[in-house]
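# dropping a prediction and its sequence here:
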There are 2 protein chains.
Amino acid sequence: MAGLDPEDWSGIRAMGHQMLDALFDRMEHVGEGPVWQPMPQAARDALKTGFPEQGQSLEDLHDRFTDLVVPYGNGNTHPGFMGWVHGAGTPVGMLAEMLAGGMNANCGGRSHAANEVEREVIRWALSMVGMPEDGSGCLVTGSSMANFISIITASRAQDITLRSQGVGGRKMVGYAATTAHGCLPRAFDLAGFGSDALRRVPVLTDHRMDLAALKRMIREDREAGYIPFMVAGTAGTVDCGAIDDLAGIEAIARENSLWFHVDAAFGALACLSSRFKNALSGIEKADSLAFDFHKWAQVPYDAGCVLVRDGKAHAAAFAQSLDYLIREPRGLASGAPWFCDFGPDLSRGFRALKVWMTLGHYGSERMGQMVEECCDVAAHLARRVQTTPGLVLLAPVTLNIVCFGIDGLSDQDVSELVQDLHESGVAAPSTTRINGRLAVRAAIVNHRTTTADTDRMLDAVIALAAARRA
Amino acid sequence: MAGLDPEDWSGIRAMGHQMLDALFDRMEHVGEGPVWQPMPQAARDALKTGFPEQGQSLEDLHDRFTDLVVPYGNGNTHPGFMGWVHGAGTPVGMLAEMLAGGMNANCGGRSHAANEVEREVIRWALSMVGMPEDGSGCLVTGSSMANFISIITASRAQDITLRSQGVGGRKMVGYAATTAHGCLPRAFDLAGFGSDALRRVPVLTDHRMDLAALKRMIREDREAGYIPFMVAGTAGTVDCGAIDDLAGIEAIARENSLWFHVDAAFGALACLSSRFKNALSGIEKADSLAFDFHKWAQVPYDAGCVLVRDGKAHAAAFAQSLDYLIREPRGLASGAPWFCDFGPDLSRGFRALKVWMTLGHYGSERMGQMVEECCDVAAHLARRVQTTPGLVLLAPVTLNIVCFGIDGLSDQDVSELVQDLHESGVAAPSTTRINGRLAVRAAIVNHRTTTADTDRMLDAVIALAAARRA
């Protein structure tokens, strides 16, 4: 009996090599063809087979994948993709996923090398942002989970009895700017504090948190009987890439004995650039930090990361003791602390390998250079917006995000224009609302995007806008 | 400028094929050599390079991976691995991870084919357990997260104001047997109810939940002013594989207007076997269900799944509206509801592909047969335990888990014996505590494990026990 393994390995091996060649063929030509195209109903229907009773050959499944899935991708590997905040991946990351799939490690615990690779990339992450090397951390799905883990850790550091007794009547509150990412109020929701318990601090005209307002809000909450326990700064807001005054927030956090958290979902990578490092000053003082390797670090999805300055506080918030998970001094069940002591998951894939191979292959210098190249493309785009009649830059370009309005078009028009642009296959920006106005938003997170791509996008916007105005 | 892509693709393509051949070489001989061996300190130290400033060649990184990581794996791909509850993976799953890494889709939202594949595998999962096909669900890291999502959904179905207002003074409680997995009290901890709010219902001598006790506890909690909102049954307890009386629990849940959740982390797959299907009766009535594809379905880590009967309740618990995530009627930003409306993650890898390819390639019939083969191996092991003097079966073998004691050895001896066994490389069972006594625990979740492997494990245990007794 060979279980599910093939009797004859040569067939699947040959098939694997065919698949790999097809992957490389597509990667080599990733910039050709449309950024995105709608998936036809026929393709959607063709996927609805039901759970087959009899297995299908790998050849058939790969053909179906090639015909029904590949042409209708997300678009984020294409240089014309500028929507949301999506990394583009690399062939190195793809190969690392293949290797990790073959090892099939569960990085929830136990003593094995995949965990050591994860420990190493956590050390790399700590050094990247300047946090102490004895901090802790773990890889997670993404910043939503990393922010949630941070809120859990921060609250348990304030009151460990939360773990067994729950929130109960405790009126615990935290703070983040109105521009902070929606996953922060969601984390307060999921953690049982309620999204209202995340106080939203107004921003100044530069889109950065108003620190005077933060101080006032903390004081007023205290006076009203609330228990402030944390404040989150953002290093690279999702709407326009603004960076809160992290050092200023940290000082207020210390004065008030609050946990200082930083959401640096994509911004953390800018620490690798000498040009932008200063703008992030204070990030190294974070008590906890959330960011993604699958965004600006170009590691394939998903690969988020949470870092915590005080590893003991981190473990105290999550570690459990379970009979069947007894930790031993030696053997397979040794190697404590385990990564399941630092987050909610007992089952954890080998995310660390794709991070290790990507950062290890390109190195910190090249990664920092790539970050700067993205920002250069954004700066070029911003200049073109500013010199184009009828277009208006809606927010300062701090890093790699350009938000612009189109004069003479309603919000509804702008929204439809961007849908037209998507359907044209030329480029894929997204939209957001800046000071109440709908903006076209181009986030240059993709290492493949050049000024030729942003020029093509802008030319298309200008033509579509003219057509709509007419 | 080519971003991070290579100037010359032929080198990395050749390297990819080399890596793939090395993977297949290892997979073909996965049963040879030790199940596990400790990672030497020299290998651990060699991984501590720090974040390199200059990149290293892919060849060098692959050599380091081959030398430092591969030999010191988790062991779960080896037929001698019987510890915890680990799937073994398949070459099909490995190739699917490679393909998914190349697509690099973010399945948090938007309109693209990877989401349609996920929708399809969710339909397969619903049909597998017999839940209505209009239910909802999503793929997650694992059952820990799937159980957490279920608790969040159940509580929000009871009181949607929890999302904004938090737990506050609400005394909400839930129920699960003492044998339920530790991730359930952890979910109550993380959700802000506190782990104490998950009442632990005693079990009968058959290791199944005592339903009379459940009824009494609900009544007593109500009388004491608590608000019972959910009850969790377990289909396959982690210690010994017992299956709660799901239909009985469901009836009590309906009488008391409680949400009926099932943790079927590995047991869900037994629905594919006509031999075991009846034992799981009632699972099809679950309001929510958590299970893993990376366990008995042999999909590579990580691939958990949560299913919810009432998709509207599911979305109501998680959906958010964010300006930059505006959902449109057409274009890339269409396709609502998005998977980020069904769980905490906005960034989500393309887990669905490895599920789709694995289940699609083997088919439901072969998967059910594989489940039965694992149970046959467990039954064989149990018979040998029962006929071996000095060994004692500590729990009935319902499915695929065998727990046995070793007479004449203290708990400490048993623990050390299992560590010796791990270090011998012969086999890797784990341990657990059954009725207070430390048990050797063999969970046959690995499709490669045969009776020859369990015989080898048991022979080694017998020899090690004799040596310790002497």
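Thanks, I have it.
# what segments of the stretch 101-250 of chain A are helices?
Assigned by DSSP state H, counting those that start in this stretch, the helices in the stretch 101-250 of chain A fall at A:113-129, A:143-158, A:162-165, A:183-190, A:211-223, A:246-255.
# could you pull up the residues touching residue A:277?
By C-beta atoms under 8 Å, 6 or more residues apart in numbering or on different chains, the contact set of residue A:277 is A:270, A:271. C-beta coordinates here come from the backbone N, C-alpha and C atoms, glycine included.
# kindly report the same for residue A:361.
Residue A:361 is in contact with A:92, B:55, B:56, B:57, B:58, B:61, counting by C-beta under 8 Å, 6+ apart.
# what's the nearest residue to the fifth one if we skip its chain neighbours?
For residue B:58, the nearest residue in space outside its immediate sequence neighbours is residue B:15; the separation is 5.1 Å by C-beta to C-beta, 6 or more residues apart in numbering or on different chains.
# now do the contacts for the one you found.
Under the criterion of C-beta under 8 Å, 6+ apart, the contact partners of residue B:15 comprise A:95, B:58, B:59, B:62.
# go on, residue A:370?
By C-beta under 8 Å, 6+ apart, residue A:370 lies in contact with A:298, A:362, A:447, B:3, B:4.
# dump the residues you listed to JSON lines, plus pLDDT and distance to residue B:48.
Output for those, formatted as JSON lines (pLDDT from 0 to 100; distance: C-beta to C-beta, whole Å):
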{"residue": "A:298", "pLDDT": "98", "distance to residue B:48": "24"}
{"residue": "A:362", "pLDDT": "98", "distance to residue B:48": "19"}
{"residue": "A:447", "pLDDT": "98", "distance to residue B:48": "28"}
{"residue": "B:3", "pLDDT": "93", "distance to residue B:48": "30"}
{"residue": "B:4", "pLDDT": "97", "distance to residue B:48": "25"}
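# one step back: buried stuff in the helix or strand the residue nearest to residue B:58 falls within?
In this structure, residue B:15 sits in helix B:9-28 according to DSSP states H and E. Neighbour counts using 16 or more other C-beta atoms under 10 Å in any protein chain shown place B:12, B:13, B:15, B:16, B:19, B:20, B:22, B:23, B:24, B:26, B:27 of helix B:9-28 among the buried residues.
# over to stretch A:221-234?
Using 16+ other C-beta under 10 Å as the test for burial, stretch A:221-234 gives A:221, A:226, A:228, A:229, A:230, A:231, A:232, A:233, A:234.
# now do stretch A:30-49
Applying 16+ other C-beta under 10 Å to stretch A:30-49 flags A:30, A:31, A:34, A:35, A:36, A:37, A:38, A:39, A:43, A:47 as buried.
# pull the most distant pair out of the residues you listed.
A:31 and A:47 (26.9 Å; C-beta to C-beta).
# doesn't residue A:279 make contact with residue A:246?
No - when contacts are counted by C-beta atoms under 8 Å, residue A:246 is not listed as touching residue A:279 (9.1 Å).
# neighbour count for the two, which is higher?
Taking residue A:246 and residue A:279 together and counting by other C-beta atoms under 10 Å in any protein chain shown, residue A:246 has the greater number of neighbours (25 against 20).
# need the contact list for the residue in the stretch 201-350 of chain A positioned nearest to chain B.
For the stretch 201-350 of chain A, the residue positioned closest to chain B under C-beta to the nearest C-beta is residue A:347, at a distance of 3.0 Å. Taking C-beta under 8 Å, 6+ apart as the criterion, residue A:347 is in contact with A:106, A:108, B:141, B:142, B:143, B:144, B:292, B:294, B:301, B:302, B:304.
# can I get the buried residues of stretch A:30-49 in JSON lines including pLDDT?
Shown next, in JSON lines, are the buried residues of stretch A:30-49 (pLDDT from 0 to 100):
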{"residue": "A:30", "pLDDT": "95"}
{"residue": "A:31", "pLDDT": "94"}
{"residue": "A:34", "pLDDT": "97"}
{"residue": "A:35", "pLDDT": "98"}
{"residue": "A:36", "pLDDT": "97"}
{"residue": "A:37", "pLDDT": "97"}
{"residue": "A:38", "pLDDT": "96"}
{"residue": "A:39", "pLDDT": "97"}
{"residue": "A:43", "pLDDT": "98"}
{"residue": "A:47", "pLDDT": "97"}
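# which elements pack onto the helix or strand containing residue A:467?
Element membership for residue A:467 (DSSP H and E) is helix A:451-469. Under the contact definition 3 or more C-beta pairs under 8 Å, 6 or more residues apart in numbering or on different chains; DSSP states H and E, helix A:451-469 sits against strand A:81-82, helix A:351-386, strand A:391-393, helix A:411-424, strand A:437-443.
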